[in-house]
Each structure stands twice: as structure tokens, then as C-alpha cells.
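Student: sequence and computational prediction follow.
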Amino acid sequence: MSLIEFIKSKTFLKQLLFAIGGIIVFAFIVMKWLNISTNHDQKIEVPDLQKMSLNEVESMLEDLDLKLYVIDSASYNPDYPKKSVIDQDPEPGDFVKENRKIYLTLNPSGYRNVEVPNVFGKTKRQVTSQLRAIGFRISANPIYVSDIAKDVVRGLQFDGKDLKTGDQIPKNSVITLKLGDGKGSDRYTPDKNE
């Protein structure tokens, strides 16, 4: 029997129809299975979690069949409560399926500590720029001490205590400058004047 005769035979045509029917049934079953297993028409709207505590977020996401995953803590933001959500992914209002992870960025419990640099003997202008650049605030009321040089930094204070180079204090703290008054006859030294 030649190839052309075989292709024209009833046996080949039956087998071809069975194969096509089998592929159609298989494709139909796969499509139904995918619809069921992927929750095709299911949509859960992601809630706005900003400024919520971790306990509140856990409770809310559990009710919606969503999972939370904390990815990071950001820089402290005083506009948000401590340890509350600052950012989330997916964004509020997006639609997701059940068991989707919601990635959260939390607000730390406070500012991180920053090391006090060596500023002794520098001008008020230099020190103000340097301290602001690393995250400190400068008091508008400096303390003037008897010194030969005017507006030269002779020390720093935080909460009424003198600071030394290398001390660690929270970022965003208000620092008071000790400045020379320009009226002294000698250079100010803390040990001599206290």
C-alpha cells in the first residue's frame, strides 16, 4: 500500500478524527482547570494601609485573604505614627488575587543616631551648613562665651549638655552653638571656663 492510498483509507481518517477530538477535549479540560486554579474572575481590591500599625494591617489583610511582607524600614518620618506603614506595593486600589503578598515599608520608631563631627574652631556659617547637611537643626539662640574670636564655634550643646566629637545623638535634634563673643583676651577652653 502506498502512502497516498494509506492517507485516503478509512483507518487513517478515523485515527485522524480521534486525534483531533482528543486534542479538543484535552484543550477544553486544560482551559477549565486553568479557570478554576487561577481564580480567573476573582478580584480583591488592595486597601490603603498608610499610617496603620502592623497589627491593624495583619488583621485587615487576613480578612481579605492577602499576605503581608515587610521589606524595609524607611527614614523616620514624623508625619506618620511610629512603626506604621509608609509605603506599599501593590498600590491602594489595585486589584489582586487571594494569597497575594502585599509588600510594606514601615516607619521606624525614631530618628537614627548620627555622630557629632569635629567643629571646634570653625566659623558659625561653616558649622551651621555642615550640621544641617548631616541632619541636625540649629538653635536660633546661640550661647556666647568669652573668646578672642567672634562667631567661631567653641562647642556644641544638646539638651543642655556639652557635646564632644564622636558623640551620637538622634538625627533632627536641635543643637545649640557655643560661639566666641569677640570681646575676650584669650581663646575659650571648656576646662578653663567651667
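Tutor: Looks like it came in fine.

Student: quick one: the strands in the protein?
Tutor: For the chain, the strands defined by DSSP state E occupy 44-45, 67-73, 85-89, 95-96, 101-106, 113-115, 137-138, 143-145, 150-158, 161-163, 168-170, 174-181.

Student: want to throw those strands into TSV with mean pLDDT and distance to residue 60?
Tutor: The C-beta positions use only the backbone N, C-alpha and C, and glycine is treated the same way. Listed next are those as TSV, based on pLDDT from 0 to 100; distance: least, C-beta to C-beta, whole Å:
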stretch	mean pLDDT	distance to residue 60
strand 44-45	87	12
strand 67-73	82	9
strand 85-89	89	11
strand 95-96	87	14
strand 101-106	90	10
strand 113-115	88	33
strand 137-138	92	36
strand 143-145	90	50
strand 150-158	91	40
strand 161-163	91	44
strand 168-170	90	32
strand 174-181	92	38
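
Student: ok, which of those strands comes nearest residue 13?
Tutor: strand 95-96 (48.6 Å; C-beta to C-beta).

Student: wait, residue 51 touches residue 83, no?
Tutor: No - if you go by C-beta atoms under 8 Å, residue 51 and residue 83 don't touch, sitting 11.0 Å apart.

Student: overlap of the contact sets of the two?
Tutor: Contact with both residue 51 and residue 83 is made by no residue, according to C-beta atoms under 8 Å, 6 or more residues apart in numbering.

Student: quickly list what residue 138 is bridged to.
Tutor: Beta-bridge partners for residue 138, by DSSP bridges, are residue 175.

Student: name the single longest helix found in the chain.
Tutor: When the chain is parsed with DSSP state H, its longest helix is helix 10-37.

Student: for that one, what does the pLDDT average out to?
Tutor: Taken as a whole, helix 10-37 has an average pLDDT of 90.

Student: against which helices or strands is it packed?
Tutor: If you count contacts as 3 or more C-beta pairs under 8 Å, 6 or more residues apart in numbering; DSSP states H and E, helix 10-37 packs onto no helix or strand.
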